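> any chance you can model this:
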Amino acid sequence: MSAVRSPAAPHGPAARPRARLRGLVPRWPAPSLRSYFVAVILLTSVPIALVLVWRVGSEAAQTRARMDAGLQAGAQALAQHADRELRASFDALAALADALALREGAPRVPLLRARQRMQPAWASVFLADEQGNVLADTADMASAAAAAPLPALLRRAAAGGGPARLVARTPSGQVLLALPLYEGGQLRQWLGVRFEPRFWPALVAAAPAEVALPGLLTRAGEPIAGAAPQALPPQERPPAGMQRLPLADGRAALVAARALREADWFATSAALAEPLEQAERERMLQTVATTGASLLLGVSLALLLALQVTRPLGALAARGQAPRPGPLPMREIALLAEALAAARRADRAAADQLQRRADEFEALFHGSPIGLAFARDAACASVQCNPAMDALLGAAAPPAGSLGVFQTGRRLEPGQQPLQRACRTGQPVPATELELRRAGQPVLHVVASAVPLHDADGRARGALSAVMDVTPLKTALADLERAHRALQAKQALVELAQDAGQAGVLEFRFRADELLCSAGMSRLLGLAPMPLHGRLRDWLAAVAPEDRPALRAQLAAALARRRPRVQLDFRVAGSTGRWLSLRLACLYLDDGRPLQMVGMAVDATGLKRAERRHRRVAVHEHAARREAQAESRAKDEFLLMLGHELRNPLGAIAGAAEVLHSGAGGPQLARRAVAIVQRQTQRLTELLDRLLDSAHAADGGTAPVRRQPGDQASAAPRDTAPRRVLLVDDHADLREATGALLAHAGHTVLSAGDGAAGLALLLAEWPDAAVVDIGMPGMDGLTLARRARAAGYPGRLVAISGYGRPRALEAARQAGFDAYVVKPVSGEALRRAMDPRSEGFPD
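Below you'll find the model as predicted:
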């Protein structure tokens, strides 16, 4: 067989790295024991030295971390102190702005001077228009230095989009604060102060004790007060940690900075860097010197000890025995000498045992009935075959290329065959089915496997292959497979016919009580395929329990009368009304006893349903006619009653409207007329709610229970404080009426006529609450609420709609509304909806 006799393909470049690695292995013991001792000392001492250096570095890092925490805390304390002063000044400016608004038209300078005297830190107070032109100033207006930079600073701030407030430093170093004053959403004036030049240095000097070298500077690096650094690098802006930066006097310092909340400033806390760095250098030098002395001492002791050990070991390695008679300097060396002698004796015993095993393997190799091939080298250049392998191949040495080895129709090259693969990969090759093809001879089917043989280093040094002829077994399996396929084809035709006709076949032998059912019958009965030898009770168990007694009686009567044909109709147990119609052909013995019955069942469910449907149609038609007549009479009565109920409140409203239109009777009669309109409007609303609830219940829904006003008292007082309220409604009259109710309650009302305009006004004005109509063209109220909530609007949202069904209420709640008012809208309903402590949605 060429698969086991041809040489394998060369190993190629993949073997060269392994060869170089094998070449390095013999040189490994080249270093002396003295070198090993020195290496051990270094391996044990150097990590300790590194640990010491690391600990020194860690202590230095901890020291820096503590200093960093202290400087950060100091900077934070100074920032908080400065923020408090700025916040107090802004609060005082806001109070002054309110005072100016209340005393509009009064002289401004005296009021400004009075507030200036209340704030010791203020050098002056000024009032300017939107262009920065000073309108009033407590400073000496003759001094150009006081007012010259002010207009330019205010104009730049106004051009930036209208800031909330301004904190700036003038070119002369003076700090000023300005608060914008708006009217009708437009910037009208600036109210500001100038700080005393001594205020900020005094504030920095009064910083807490933990703040070392405190300072204040702007984002642009302009110093405000204290020992601030020259500048903060842009990439190291807070909240970065401690940084090494130069101070204004040129000294290097470790600086921590914190940003102020009230101004674009930084508070800094610094410590001089030189003392800390000098202490770190001295500690590191001491550690390195101590470590070097310890290493030198350890290496010297290792060299002395190695000299006492290497002399006897060298003699033992060279001659295999001790250098001289007498005791050796170490017990381990003496034990090594004894072990070498014992190893020589063990080698001789192992050689004898190996020879015996070689003889046993030779006998097994030549006497095995299975073909065996043995490759003596990794390249398969020398292969030995046993007689069984020679008999299988048909020749001791077949011509090259005359034998083809195939696997699943693909020809295997020599390097892909089991024996060569095992030699090349060094891994076992599992049993593989192959075909041996030779011209003019039948194809042989064999199963081949191979295992590699390894040397002491784990490399493949050869392989052993076993080949077994399975051609007779293969032929028998092929014949069996053909017979099985023919049987399956016939069975498939029968099953296909049963499946297409919704039919099933059964056969029962009475003497053996043996039942045979086809797969089609099992499907009709809704069961798994029955075993080949079932029982009659297995089939009866699949019949519906209510049909089982009648089926037994009908079958027993037919067999007793020796009928050749029987038809049984029954339902299947556990199914949803499936009917089967079973037709049986019965065979009997001469004495009248039943012998065998064969039958076919078909699905009769459709036929049974058609019969039941025909019976129900007549009954349902008569009942539907009577029900329609009853509903027509009920609807006529309901419309008559509803017309009567609606005329009463409408007549009262019409009379009250005529009284109001005539103006007669004075205010008292007008109030009575208004009360009548309100009561009758409430009555109409209740009638409409009941009508809608009845329609909803008639459609199959649920009619909600509506609580009348006054059903539940609220223990908590309502929040009736005036608010800024946005009203969005596309109906002009309703928008005007609802706005009048809100204005009457003391609210400031903004209005919009559609959803898009309402959303824009809401996001621009940010009112306290918004009342929104749900049913608007274009953007409806639900969309407006969702977009307002998505934009972060926190105010109260109240929905107005003519629909009061639970589905409409749930949609409004999901959109983000806090309250829901059903039209018509009353003042009391609006007050409840605007109160955040009340239940905003109706029950």
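> need the nearest residue in space to T218, chain neighbours excluded.
Residue nearest to T218 in three dimensions, not counting chain neighbours: W265, with 5.6 Å by CB to CB, 6 or more residues apart in numbering. The C-beta positions use only the backbone N, C-alpha and C, and glycine is treated the same way.
> quick check: phi and psi on that neighbour?
phi -120, psi 170 (degrees, to the nearest 10).
> that one contacts E85, doesn't it?
No - with contacts counted by CB atoms under 8 Å, W265 stays clear of E85, the gap being 11.4 Å.
> give me the number of residues near the nearest residue to A263 once chain neighbours are set aside?
Nearest non-adjacent residue to A263, counting by CB to CB, 6+ apart: V167, 3.9 Å away. When neighbours are defined as other CB atoms under 10 Å, V167 has 20 of them.
> and V167, what element?
Per DSSP states H and E, V167 falls inside strand 166-169.
> partner strands of that strand, with direction?
Using DSSP bridges, strand 166-169 pairs in its sheet with strand 175-183 (antiparallel).
> now do the buried residues in stretch 835-843.
835, 840-842 (16 or more other CB atoms under 10 Å).
> alpha carbons only: can I get it in PDB?
The C-alpha coordinates for stretch 835-843 follow below in PDB (Å, rounded to 0.1, in the frame of the first residue of the first chain):
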ATOM      1  CA  ASP A 835     -53.700  73.400  42.600                       C
ATOM      2  CA  PRO A 836     -50.600  71.100  42.600                       C
ATOM      3  CA  ARG A 837     -51.900  69.400  45.800                       C
ATOM      4  CA  SER A 838     -55.200  68.300  44.400                       C
ATOM      5  CA  GLU A 839     -56.000  65.200  42.200                       C
ATOM      6  CA  GLY A 840     -55.600  66.600  38.700                       C
ATOM      7  CA  PHE A 841     -57.500  63.800  36.800                       C
ATOM      8  CA  PRO A 842     -61.200  63.100  37.300                       C
ATOM      9  CA  ASP A 843     -62.200  59.800  38.800                       C
END
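> one step back: quick check on W265 and E85: which one has the bigger neighbour count.
W265 (26 against 15).
> can you give me the strands in the stretch 451-600 of the chain?
Along the stretch 451-600 of the chain, counting by DSSP state E, counting those that start in this stretch, strands occupy 460-469, 503-509, 514-517, 565-571, 579-588, 594-603.
> what angle separates the last one from strand 565-571?
Which is strand 594-603. 50 degrees (axes from the mean of the first three to the mean of the last three CA atoms, to 10 degrees).
> got the CA positions of strand 594-603 in PDB?
Extracted C-alpha coordinates of strand 594-603, given in PDB (Å, rounded to 0.1, in the frame of the first residue of the first chain):
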ATOM      1  CA  PRO A 594     -65.300 -12.500  14.800                       C
ATOM      2  CA  LEU A 595     -61.800 -13.100  13.400                       C
ATOM      3  CA  GLN A 596     -60.500  -9.800  12.000                       C
ATOM      4  CA  MET A 597     -61.700  -6.400  11.100                       C
ATOM      5  CA  VAL A 598     -60.100  -3.800   8.800                       C
ATOM      6  CA  GLY A 599     -61.300  -0.300   8.500                       C
ATOM      7  CA  MET A 600     -60.600   3.200   7.200                       C
ATOM      8  CA  ALA A 601     -61.500   6.400   9.000                       C
ATOM      9  CA  VAL A 602     -61.900   9.900   7.500                       C
ATOM     10  CA  ASP A 603     -62.300  13.300   9.100                       C
END
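> please name every helix or strand in contact with that strand.
Contacts defined by 3 or more CB pairs under 8 Å, 6 or more residues apart in numbering; DSSP states H and E place strand 594-603 against strand 503-509, helix 519-525, strand 579-588.
> make it 10 Å
Strand 594-603 sits against helix 471-500, strand 503-509, strand 514-517, helix 519-525, helix 548-560, strand 565-571, strand 579-588, with contacts defined as 3 or more CB pairs under 10 Å, 6 or more residues apart in numbering; DSSP states H and E.
> stretch 365-382 - what's its average pLDDT?
Stretch 365-382 shows a mean pLDDT of 81.
> so which bits of it are buried?
Those would be 365, 371-375, 378-380, for stretch 365-382 by 16+ other CB under 10 Å.
> same question, stretch 85-93
Applying a neighbour-count criterion of 16+ other CB under 10 Å, one finds 86, 89-90, 92-93 buried in stretch 85-93.
> so T138 sits against L96, correct?
No - the pair T138 and L96 does not pass the contact test of CB atoms under 10 Å, sitting 11.5 Å apart.
> surely the residue nearest to A263 and L260 touch.
Yes - assessed by CB under 10 Å, V167 is found in contact with L260 at 8.7 Å.
> which neighbours do the two have in common?
L86 (CB atoms under 10 Å, 6 or more residues apart in numbering).
> give me the domain ranges for this protein.
Domains of the chain are assigned by automatic domain parsing as 37-92+202-287, 298-315+322-352, 368-469, 501-603, 718-834.
> mind putting those into JSON lines with distance to G185?
Formatted as JSON lines, the domains of the chain follow (distance: least, CB to CB, whole Å):
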{"stretch": "domain 37-92+202-287", "distance to G185": "21"}
{"stretch": "domain 298-315+322-352", "distance to G185": "84"}
{"stretch": "domain 368-469", "distance to G185": "84"}
{"stretch": "domain 501-603", "distance to G185": "72"}
{"stretch": "domain 718-834", "distance to G185": "8"}
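> could you tell me the least trusted of the ones you listed?
Lowest mean pLDDT of the domains of the chain: domain 298-315+322-352, a mean of 72.
> how near is the closest residue to A121 other than its chain neighbours to P214?
Leaving aside its chain neighbours, A121 sits nearest to F199 (4.5 Å; criterion: CB to CB, 6+ apart). For F199, the distance to P214 equals 15 Å [CB to CB, to the nearest Å].
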